[in-house]
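> just to be clear, the model below is a prediction. Sequence and coordinates:
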Amino acid sequence: MEDMELFSPIAVAVLGGCTIFLFLQWKGLRRPPCIQCWIPWIGAGFDFGKAPLEFIEKARIKCGPVFTICAMGKRMTFVTEEEGIDTFLKSKNVDFEQAVQDPVYHTAWIPKNIFFTLHEKLYVIMKGKLGMANIHQFTEQLVEEFHEQLENLGSHGTTDLNDLVRYVLYPVTINTLFKKGLFFTNEKKVKEFYQHFKTYDEGFEYGSQLPEWFLRNWSKSKRWLLALFQTNVQEIKTHKSAKGNSRTLIQAVLDIVEMETHEHSPNYGLAMLWASLANAAPITFWTLAFILSHPDIHKTILERISSVFGTAGKDKMKVSEEDLKQLLLIKWCILEAIRLRAPGVITRKVVKPVTILNYTVPSGDLLMLSPFWLHRNPKYFSEPELFKPERWEKANLEKHAFLDCFMAFGGGKFQCPGRWFALAEIQICIVLILYKYECSLLDPLPKQVCLSPFGGCPPAGRAMPN
Ligand code: HEM
C-alpha cells in the first residue's frame, strides 16, 4: 500500500513529462499532410508522373493549402496561399541554387562546384544586360531580325501557327542574344536544329531527373546541341557586332565563365539557349492564338497598329520604344497569355526547417509553388479561366510591377532575368506579324493538352496569313 502511494506521484510526473514532451514535439514538428503510396521510394511517382498538374490540384483540394507529395525519393511540399508564398519568396531558409543545381547538371552537364561558384555572378550580369533600362538597346536589332525572317516567309499561305512562331522566333533570339549569323541559313541544318531542340525541350522535364540511359533520343539531341556550341564557341567569343557596340548576352556570360573554366563554355551556351527559347516561343504562340480567337480584341489591336504605323503592309517599317508604348493592349495580351499558360511549378530547397501555417517543413524538402494554379485561384484573379487583357490595366508596368500573385517569372532574388527582354521580343514579333499579314485561325483555339509542370507545350493550330 505504501509502495503504491509512493509510485503514484512518480508515475504521474513521468507521464505528465512525457505528454508535455510529446506535445511540444508535435507542435514543433507537425508536418504538412503527405500524399504517398505503399511502394517505397517511388511513392506517388506513377500517378504524379501521369498528369502532374492535375495531381497537384487534387492534392490541394484533399489536403488544404500546404501539403507534401512523396515521389521518386523526393519530398515536395507545395504552398498555395499567402503565408507559404511569402516564405517561398523571402525566407533565408529556402534556397534557389540548391534546388536547381541537380537539374542543371542533368540537362547541361554543368558540374556542381562550377555551378555554385558562378551562379550569382552570372545572374547579376544577365539581370543587368536584360534589365528594363537596357531593353531599348535590343529594339532596333530585334525589329531588323524579325523583318528578315518574315521576308523569308513570303506574302501569303497556310501554315501551322506553332511552326510559324518557332521558325521566326528562334533565329531572331539566337542572332540577337548569341551572335549575328550563328543561326543556320542552310535549310537542312535549320531542320536538324529544330528537330534536336524540339526533342531536347520536350524531354527536358524527364531529362532533368532521370539517368540519361533512359532517354536515348533526348541524350542524342543534347549532345548535338552541345557540339553546336563546341564548334562555335571561339567564334562567338571573338565576334564583334557590325555596330561595334556592346557584347552580346552570351559573350558577357562567357567572359565570366572563362575566368573559372574553359571547359564548360558550351554547357553554359546550351543552358542559355534553352532558357531564352523554351518559354518565349509557346507564349508567342498562345498570345497570337488568343488574339485571333477574340475578334473584338483582334480588331482593336489592328486599329491601334494602323493608327501608329499607317496602312498595313509597308515594307520594313521602323518600330521605336515610343511606338511600343502606344500598343499597350498587345503587352496586356502577352501578360494575360503568360498568366494562363504559366509554368506549372517553380522550386526552392528548404535548408533549415520553416514554419508555414503551423506546419514545420523539414530541411531537405523541395518547396514548390505552382504559378499555373495560383493564376487560376479566383481569390487572386477574378474569372481566372477567361482571357481578359484589360485586367492588366491595374498593373503598374511603368514602375516594373506586375499584378499581385502573378508568378510566371518566379520571384524573389532570382526572378527570371529575361522577363523584360521576353516581353519586348514577343511584342515586336506580334506587331510585325499582325501588320504584315491578315491572319485568321483555321481551327478552334487548341486546348492545352500537355499538363506538364514546365508549362509551354502548345498543340498545333493552323493559321492563315494572307
Ligand atoms: C515568357 C517567357 C519567359 C518565362 C515565362 C520565364 C520564366 C522563368 C521562370 C519561372 C524562371 C525561374 C525563376 C524562379 O524560380 O524564381 C526563369 C528563370 C530564368 N530565365 Fe526566364 N522566362 C521567360 C523568358 C526568358 C528569356 C527570353 C530569357 C533569356 C533571354 C530567360 C532567361 C532565364 C534565366 C537565365 C533563368 C535562370 C535564372 C537563374 O539561374 O538565376 N527567360 N524564367
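Here it is on my side, so go on.
> quick one: L386 is in a helix?
No - if the criterion is DSSP: H, G, I helix; E, B strand; the rest coil, then L386 is coil and not within a helix.
> so where do the helices sit in the stretch 201-350 of the chain?
For the stretch 201-350 of the chain, the helices defined by DSSP state H, counting those that start in this stretch cover 204-207, 216-238, 249-260, 265-277, 280-292, 295-309, 321-326, 328-340.
> can you tell which of those helices is closest to A424?
Between A424 and these, the tightest spacing by C-beta to C-beta is seen for helix 321-326, at 7.2 Å. In this view, the C-beta of every residue, glycine as well, is placed from N, C-alpha and C.
> can you give me how far the closest one is from the chain middle?
Centre-to-centre, helix 321-326 and its host chain are 26 Å apart (C-alpha atoms, centre = their mean, to the nearest Å).
> in it, what counts as buried?
By 16 or more other C-beta atoms under 10 Å, the buried positions in helix 321-326 come out as 323-324.
> do stretch 29-39 as well
In stretch 29-39, counting by 16+ other C-beta under 10 Å, buried: 32, 35.
> stretch 197-205 too?
For stretch 197-205, a neighbour-count test (16+ other C-beta under 10 Å) marks 197, 199-205 as buried.
> can you check the pLDDT for E54?
For E54, the pLDDT comes out at 93.
> so it: helix, strand or coil?
helix.
> roughly how far does it sit from I61?
Distance check for E54 against I61: by C-beta to C-beta, to the nearest Å, it reads 11 Å.
> which of these two has more neighbours?
Neighbours around E54 and I61, counted as other C-beta atoms under 10 Å, are more numerous at E54. The numbers are 12 against 7.
> of all of the stretch 1-150 of the chain, which residue lies closest to the ligand?
The nearest approach of the stretch 1-150 of the chain to the ligand comes at Y123, 4.4 Å away (C-beta to the nearest ligand atom).
> tell me which parts of the stretch 351-466 of the chain are close to the ligand?
408-412, 414-418, 421-422 (C-beta under 6 Å from any ligand atom).
> so which of those residues sit within helices?
421-422 (DSSP state H).
> domain parsing for the protein?
Recorded structural domains for the chain (assignment: automatic domain parsing) are 32-99+345-374, 110-343+405-465.
> the shortest one spans what distance, first to last residue?
Think domain 32-99+345-374. End-to-end span of domain 32-99+345-374 (C-alpha to C-alpha, to the nearest Å): 19 Å.
> now do that domain: distance to the chain's middle.
18 Å.
> sketch out the low-pLDDT regions of the chain for me.
Within the chain, the ranges that satisfy pLDDT under 70 run 1-7, 17-18, 20-28, 242-245, 312-314, 449-466.
> what is the neighbour count of C439?
Counted with other C-beta under 10 Å, C439 comes out at 18.
> surely it meets I433?
Yes - using C-beta atoms under 8 Å, C439 makes contact with I433 at a distance of 6.9 Å.
> P389: which of the domains of the chain is closest?
When these are compared by C-beta to C-beta, domain 110-343+405-465 sits nearest P389, at 3.8 Å.
> please name every helix or strand in contact with the strand or helix carrying G49.
Per DSSP states H and E: G49 is located in helix 45-50. Secondary-structure packing of helix 45-50 (3 or more C-beta pairs under 8 Å, 6 or more residues apart in numbering; DSSP states H and E): strand 66-71.
> between strand 66-71 and the helix or strand following the strand it packs on, find me the angle.
Where DSSP H and E defines the elements, the next helix or strand beyond strand 66-71 is strand 74-79. Counting by axes from the mean of the first three to the mean of the last three C-alpha atoms, to 10 degrees, strand 74-79 points 160 degrees away from the direction of strand 66-71.
> which elements pack onto strand 74-79?
Counting by 3+ C-beta pairs under 8 Å, 6+ apart, strand 74-79 packs on helix 52-63, strand 66-71, helix 82-90, strand 366-369.
> tabulate the ones you listed (a markdown table), appending distance to G157.
Below are those laid out as a markdown table (distance: least, C-beta to C-beta, whole Å):
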| stretch | distance to G157 |
| --- | --- |
| helix 52-63 | 35 |
| strand 66-71 | 45 |
| helix 82-90 | 46 |
| strand 366-369 | 42 |
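> nearest to K447, of those?
The closest of the helices and strands packed on strand 74-79 to K447 is helix 52-63. By C-beta to C-beta, the value is 13.3 Å.
> up against the ligand, what does this structure have?
Proximity of the chain to the ligand, by C-beta under 6 Å from any ligand atom, involves residues 123, 126, 130, 177, 275-276, 279-280, 283, 338, 343, 346, 408-412, 414-418, 421-422.
> do that again at 5 Å, thanks
Neighbours of the ligand within the chain, by C-beta under 5 Å from any ligand atom: 123, 275-276, 279-280, 283, 343, 346, 408-410, 414, 416, 418, 421-422.
> L357 and Q230, how far apart?
As judged by C-beta to C-beta, L357 and Q230 stand 49 Å apart.
> and the contacts of stretch 189-209?
Contact with stretch 189-209 is made by 72, 102-103, 106-107, 166-167, 170, 183-184, 214-215, 217-222, 224-225, 228, 273-274, 277-278, 452-454, 456-457, as judged by C-beta atoms under 8 Å, 6 or more residues apart in numbering.
> can we see that at 7 Å?
Identification of contacts with stretch 189-209 by C-beta atoms under 7 Å, 6 or more residues apart in numbering yields 103, 106-107, 166, 184, 215, 217-218, 221-222, 224-225, 274, 278, 452-454.
> so who does the residue nearest to L366 when sequence neighbours are not counted touch?
Excluding the flanking residues, the one nearest L366 by C-beta to C-beta, 6 or more residues apart in numbering is M76, at 4.8 Å. Residues in contact with M76, defined by C-beta under 7 Å, 6+ apart, are 68-69, 366, 368.
> let's see it at 10 Å
If you count contacts by C-beta atoms under 10 Å, 6 or more residues apart in numbering, M76 has them with 35, 43-44, 48, 52, 56, 59, 67-70, 345, 347, 365-368.
> what's the answer for L357, then?
Listed by C-beta under 10 Å, 6+ apart, the contact partners of L357 are 30, 32, 64-66, 79, 81-84, 87.
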